[in-house]
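>>> no sequence for this one, just the structure:
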(Lines give C-alpha, C1' and ligand atoms only; values in the text may rest on other atoms or scores of the structure.)
Protein backbone atom coordinates (compact mmCIF):
# COMPACT_ATOMS: atom_id res chain seq x y z
CA UNK A 1 0.00 0.00 0.00
CA UNK A 2 2.09 2.98 -1.22
CA UNK A 3 1.64 6.35 0.53
CA UNK A 4 2.64 9.84 -0.66
CA UNK A 5 4.17 12.61 1.48
CA UNK A 6 3.96 16.40 1.10
CA UNK A 7 7.22 16.50 -0.88
CA UNK A 8 5.94 13.93 -3.37
CA UNK A 9 7.88 10.95 -2.03
CA UNK A 10 6.10 7.60 -2.13
CA UNK A 11 6.75 5.09 0.67
CA UNK A 12 6.25 1.50 -0.43
CA UNK A 13 7.18 -2.06 0.53
CA UNK A 14 8.95 -4.71 -1.54
CA UNK A 15 8.66 -8.36 -0.51
CA UNK A 16 10.80 -11.33 -1.53
CA UNK A 17 10.56 -14.96 -0.51
CA UNK A 18 7.88 -16.61 1.60
CA UNK A 19 7.33 -18.03 5.06
CA UNK A 20 10.44 -17.92 7.24
CA UNK A 21 12.43 -16.75 4.19
CA UNK A 22 10.25 -13.64 3.72
CA UNK A 23 12.28 -10.41 3.43
CA UNK A 24 10.48 -7.05 3.45
CA UNK A 25 12.09 -3.76 2.46
CA UNK A 26 10.61 -0.30 2.98
CA UNK A 27 11.66 2.42 0.51
CA UNK A 28 10.79 5.99 -0.35
CA UNK A 29 10.95 7.11 -3.97
CA UNK A 30 9.88 9.97 -6.22
CA UNK A 31 6.96 9.31 -8.63
CA UNK A 32 9.36 9.34 -11.60
CA UNK A 33 11.39 6.50 -10.04
CA UNK A 34 14.34 8.66 -8.98
CA UNK A 35 15.96 9.14 -5.56
CA UNK A 36 15.03 5.77 -4.09
CA UNK A 37 16.03 5.58 -0.43
CA UNK A 38 16.13 2.54 1.85
CA UNK A 39 14.21 3.13 5.07
CA UNK A 40 14.15 -0.30 6.72
CA UNK A 41 14.50 -3.99 5.99
CA UNK A 42 13.97 -7.19 7.95
CA UNK A 43 13.45 -10.91 7.72
CA UNK A 44 9.69 -10.83 8.20
CA UNK A 45 6.91 -8.39 7.37
CA UNK A 46 6.51 -4.61 7.15
CA UNK A 47 3.00 -3.17 7.12
CA UNK A 48 1.02 0.03 6.68
CA UNK A 49 3.47 2.93 6.25
CA UNK A 50 1.98 6.36 7.06
CA UNK A 51 3.62 9.79 6.70
CA UNK A 52 3.21 12.68 9.11
CA UNK A 53 1.57 15.80 7.64
CA UNK A 54 4.94 17.54 7.16
CA UNK A 55 6.56 14.48 5.57
CA UNK A 56 9.36 14.28 8.13
CA UNK A 57 8.18 11.17 9.99
CA UNK A 58 7.03 7.79 8.71
CA UNK A 59 5.24 5.30 10.98
CA UNK A 60 5.01 1.62 10.07
CA UNK A 61 4.66 -1.83 11.64
CA UNK A 62 7.34 -4.53 11.65
CA UNK A 63 6.87 -8.21 12.45
CA UNK A 64 9.83 -10.55 12.77
CA UNK A 65 9.22 -14.34 12.75
CA UNK A 66 7.43 -15.57 15.90
CA UNK A 67 7.01 -12.00 17.18
CA UNK A 68 4.04 -9.63 17.33
CA UNK A 69 3.85 -6.54 15.07
CA UNK A 70 5.48 -3.45 16.58
CA UNK A 71 5.18 0.18 15.46
CA UNK A 72 8.28 2.17 14.55
CA UNK A 73 8.78 5.78 13.49
CA UNK A 74 11.42 6.76 10.94
CA UNK A 75 12.73 10.33 11.24
CA UNK A 76 13.86 11.58 7.85
CA UNK A 77 15.94 14.48 9.23
CA UNK A 78 18.07 12.27 11.49
CA UNK A 79 17.76 9.02 9.50
CA UNK A 80 16.81 7.18 12.70
CA UNK A 81 14.20 4.53 13.50
CA UNK A 82 12.58 4.37 16.91
CA UNK A 83 10.32 1.73 18.43
CA UNK A 84 7.22 3.48 19.81
CA UNK A 85 4.59 0.73 20.35
CA UNK A 86 5.66 -2.66 21.69
CA UNK A 87 2.48 -3.78 23.48
CA UNK A 88 1.69 -7.50 23.49
CA UNK A 89 -0.54 -8.30 20.56
CA UNK A 90 -0.87 -6.93 17.03
CA UNK A 91 0.02 -3.21 16.77
CA UNK A 92 -0.93 -1.81 13.39
CA UNK A 93 -2.28 1.02 11.23
CA UNK A 94 -0.60 4.08 12.72
CA UNK A 95 -1.86 7.58 11.85
CA UNK A 96 -0.23 10.88 12.87
CA UNK A 97 -2.23 13.79 14.23
CA UNK A 98 -2.00 16.91 12.01
CA UNK A 99 0.54 18.52 14.39
CA UNK A 100 2.59 15.32 14.63
CA UNK A 101 2.28 15.20 18.42
CA UNK A 102 -0.02 12.17 18.71
CA UNK A 103 -0.36 8.78 17.08
CA UNK A 104 -3.49 6.71 16.56
CA UNK A 105 -3.12 2.97 16.07
CA UNK A 106 -4.96 -0.31 16.55
CA UNK A 107 -3.82 -2.98 18.98
CA UNK A 108 -5.00 -6.32 20.35
CA UNK A 109 -3.15 -5.77 23.64
CA UNK A 110 -6.41 -6.20 25.57
CA UNK A 111 -7.37 -9.32 23.64
CA UNK A 112 -9.60 -7.44 21.22
CA UNK A 113 -8.73 -5.11 18.34
CA UNK A 114 -9.29 -1.54 19.55
CA UNK A 115 -7.99 1.93 18.72
CA UNK A 116 -5.52 3.76 20.95
CA UNK A 117 -4.06 7.26 21.05
CA UNK A 118 -0.45 7.84 22.11
CA UNK A 119 1.19 11.15 22.99
CA UNK A 120 4.61 10.81 21.36
CA UNK A 121 6.40 13.17 23.76
CA UNK A 122 5.97 10.85 26.75
CA UNK A 123 4.24 7.69 25.51
CA UNK A 124 1.02 8.38 27.42
CA UNK A 125 -1.63 6.12 25.90
CA UNK A 126 -5.43 6.26 25.93
CA UNK A 127 -7.81 3.53 24.73
CA UNK A 128 -10.53 5.13 22.58
CA UNK A 129 -12.76 2.18 21.61
CA UNK A 130 -13.97 -0.55 23.95
CA UNK A 131 -16.51 -2.55 21.95
CA UNK A 132 -16.30 -6.37 21.65
CA UNK A 133 -16.17 -5.97 17.86
CA UNK A 134 -13.10 -5.21 15.74
CA UNK A 135 -12.01 -1.55 15.51
CA UNK A 136 -8.96 -0.93 13.30
CA UNK A 137 -7.35 1.30 10.64
CA UNK A 138 -7.74 4.81 12.14
CA UNK A 139 -7.04 7.91 10.03
CA UNK A 140 -6.91 11.42 11.52
CA UNK A 141 -9.03 14.24 10.13
CA UNK A 142 -7.14 17.36 9.02
CA UNK A 143 -8.44 19.46 11.92
CA UNK A 144 -7.47 16.82 14.50
CA UNK A 145 -10.98 16.82 15.98
CA UNK A 146 -12.02 13.40 14.67
CA UNK A 147 -10.82 10.32 12.86
CA UNK A 148 -12.31 7.65 10.63
CA UNK A 149 -11.81 3.94 11.19
CA UNK A 150 -13.07 0.48 10.25
CA UNK A 151 -15.44 -1.52 12.49
CA UNK A 152 -17.59 -4.62 12.13
CA UNK A 153 -19.75 -3.79 15.16
CA UNK A 154 -23.00 -4.19 13.20
CA UNK A 155 -22.15 -7.55 11.66
CA UNK A 156 -19.00 -9.59 12.22
CA UNK A 157 -16.89 -9.85 9.09
CA UNK A 158 -18.81 -7.05 7.33
CA UNK A 159 -16.84 -3.90 8.11
CA UNK A 160 -18.11 -0.35 7.75
CA UNK A 161 -16.39 3.01 8.12
CA UNK A 162 -17.14 5.27 11.08
CA UNK A 163 -16.09 8.73 12.23
CA UNK A 164 -15.11 9.15 15.90
CA UNK A 165 -15.52 12.60 17.47
CA UNK A 166 -12.92 13.39 20.15
CA UNK A 167 -15.12 15.97 21.90
CA UNK A 168 -18.05 13.62 22.48
CA UNK A 169 -16.51 10.16 22.17
CA UNK A 170 -19.33 9.26 19.78
CA UNK A 171 -18.96 7.40 16.50
CA UNK A 172 -21.22 7.82 13.47
CA UNK A 173 -21.29 5.79 10.27
CA UNK A 174 -19.87 7.30 7.10
CA UNK A 175 -22.23 6.78 4.16
CA UNK A 176 -20.80 3.77 2.35
CA UNK A 177 -22.38 0.61 0.97
CA UNK A 178 -21.30 -3.03 1.10
CA UNK A 179 -17.88 -4.19 2.27
CA UNK A 180 -15.70 -1.13 2.96
CA UNK A 181 -12.43 -0.76 4.89
CA UNK A 182 -9.05 0.99 5.19
CA UNK A 183 -10.13 4.67 5.11
CA UNK A 184 -7.71 7.59 4.68
CA UNK A 185 -8.80 11.22 4.86
CA UNK A 186 -7.21 13.87 2.64
CA UNK A 187 -5.36 16.73 4.31
CA UNK A 188 -8.07 19.19 3.23
CA UNK A 189 -10.79 16.95 4.68
CA UNK A 190 -12.73 16.85 1.41
CA UNK A 191 -12.04 13.29 0.27
CA UNK A 192 -11.64 9.81 1.67
CA UNK A 193 -9.71 7.00 0.02
CA UNK A 194 -10.70 3.47 0.98
CA UNK A 195 -11.29 -0.11 -0.11
CA UNK A 196 -14.75 -0.48 -1.67
CA UNK A 197 -15.38 -4.21 -1.97
CA UNK A 198 -12.31 -5.27 -3.92
CA UNK A 199 -11.82 -1.88 -5.58
CA UNK A 200 -9.60 1.04 -4.60
CA UNK A 201 -11.96 4.01 -4.34
CA UNK A 202 -12.17 7.70 -3.44
CA UNK A 203 -15.25 9.41 -2.00
CA UNK A 204 -15.99 13.15 -2.02
CA UNK A 205 -17.37 13.55 1.50
CA UNK A 206 -19.54 16.61 0.86
CA UNK A 207 -21.52 14.91 -1.92
CA UNK A 208 -21.02 11.20 -1.27
CA UNK A 209 -19.80 10.74 -4.85
CA UNK A 210 -17.61 7.64 -5.19
CA UNK A 211 -15.00 7.03 -7.88
CA UNK A 212 -13.85 3.42 -8.14
CA UNK A 213 -10.29 3.59 -9.45
CA UNK A 214 -9.44 -0.07 -10.05
CA UNK A 215 -9.81 -3.60 -8.79
CA UNK A 216 -6.25 -4.10 -7.60
CA UNK A 217 -6.23 -7.89 -7.22
CA UNK A 218 -4.62 -7.35 -3.81
CA UNK A 219 -7.61 -5.96 -1.88
CA UNK A 220 -5.56 -2.81 -1.29
CA UNK A 221 -7.09 0.68 -0.85
CA UNK A 222 -6.18 3.86 -2.68
CA UNK A 223 -3.99 6.40 -0.87
CA UNK A 224 -4.31 10.14 -1.48
CA UNK A 225 -1.57 12.68 -2.11
CA UNK A 226 -1.35 15.64 0.32
CA UNK A 227 -3.27 17.83 -2.14
CA UNK A 228 -6.03 15.24 -2.41
CA UNK A 229 -5.91 15.56 -6.21
CA UNK A 230 -3.94 12.37 -6.86
CA UNK A 231 -4.14 8.83 -5.55
CA UNK A 232 -1.70 5.93 -5.54
CA UNK A 233 -2.81 2.32 -5.87
CA UNK A 234 -0.96 -0.97 -5.86
CA UNK A 235 -1.81 -3.54 -8.52
CA UNK A 236 -1.09 -7.26 -8.60
CA UNK A 237 1.81 -8.12 -10.88
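Right, received. Where do you want to start? Predicted model only: the values in this text are computed from it and were never measured.
>>> So the closest residue to residue 176 other than its chain neighbours, which state does it fall into?
Nearest residue to residue 176 in three dimensions, chain neighbours excluded: residue 161, at 5.4 Å (Cβ to Cβ, 6 or more residues apart in numbering). Using the backbone N, CA and C atoms, a C-beta is placed for each residue, glycine as well. Residue 161 falls in the strand class when you classify it by DSSP: H, G, I helix; E, B strand; the rest coil.
>>> quick one: the nearest residue to residue 108 once chain neighbours are set aside from residue 59, how far?
Sequence neighbours aside, residue 89 is the residue nearest to residue 108 in space, at 3.6 Å (criterion: Cβ to Cβ, 6+ apart). From residue 89 over to residue 59 the distance is 17 Å, taken as Cβ to Cβ, to the nearest Å.
>>> the more surrounded of those two?
residue 59 (23 against 17; other Cβ atoms under 10 Å).
>>> Tell me the bridge partners for the more buried one.
Beta-bridge pairing of residue 59 under DSSP bridges involves residue 50, residue 73.
>>> so what pLDDT did residue 25 get?
For residue 25, the pLDDT comes out at 97.
>>> That one: helix or strand, and which one exactly?
Using DSSP states H and E, residue 25 sits within strand 23-29.
>>> Just after that strand, pick out the following helix or strand.
strand 37-43.
>>> Please name every helix or strand in contact with that following strand.
Helices and strands touching strand 37-43, by 3 or more Cβ pairs under 8 Å, 6 or more residues apart in numbering; DSSP states H and E, are strand 23-29, strand 57-63, strand 70-75.
>>> For the closest residue in space to residue 56 that isn't next to it in sequence, give me its contacts.
Nearest residue to residue 56, sequence neighbours excluded (Cβ to Cβ, 6+ apart): residue 76, at 5.2 Å. With contact set as Cβ atoms under 8 Å, 6 or more residues apart in numbering, residue 76 has these partners: 55, 56, 57, 58.
>>> Confidence-wise, which of those residues comes last?
Least confident entry in the contacts of residue 76, by pLDDT: residue 55, with 89.
>>> wait, is that one part of a helix?
No: counting by three-state DSSP, residue 55 is not part of a helix but coil.
>>> Counting neighbours, what do you get for it?
Close neighbours of residue 55, defined as other Cβ under 10 Å, add up to 17.
>>> Can you check the pLDDT for residue 190?
At residue 190, the pLDDT value in this model is 89.
>>> I should have written residue 167 there, sorry.
On the pLDDT scale, residue 167 gets 97.
>>> for this protein, what are the low-confidence residue spans?
Counting by pLDDT under 70, the chain shows low-confidence ranges at 1-2, 4-6, 216-219, 225-230, 234-237.
>>> center of it - which residue?
Central residue of the chain (Cα atoms, centre = their mean): residue 93, 4.2 Å from the mean position.
>>> From residue 79, how far off is that one?
Distance from residue 93 to residue 79, by Cβ to Cβ: 24 Å.
>>> Then residue 175?
Residue 175 sits at a distance of 42 Å from residue 79 (criterion: Cβ to Cβ).
>>> Likewise for residue 125?
Relative to residue 79, and taking Cβ to Cβ, residue 125 is found at 27 Å.
>>> Looking at the two now, which is surrounded by more residues?
Higher neighbour count among residue 125 and residue 79: residue 125, with 15 against 9, using other Cβ under 10 Å.
>>> wait, isn't that one in contact with residue 115?
No: using Cβ atoms under 8 Å, residue 125 is not in contact with residue 115, being 11.1 Å away.
>>> what does stretch 196-204 contact?
176, 178-180, 190-195, 209-216, 219-222, 224, 231, 233.
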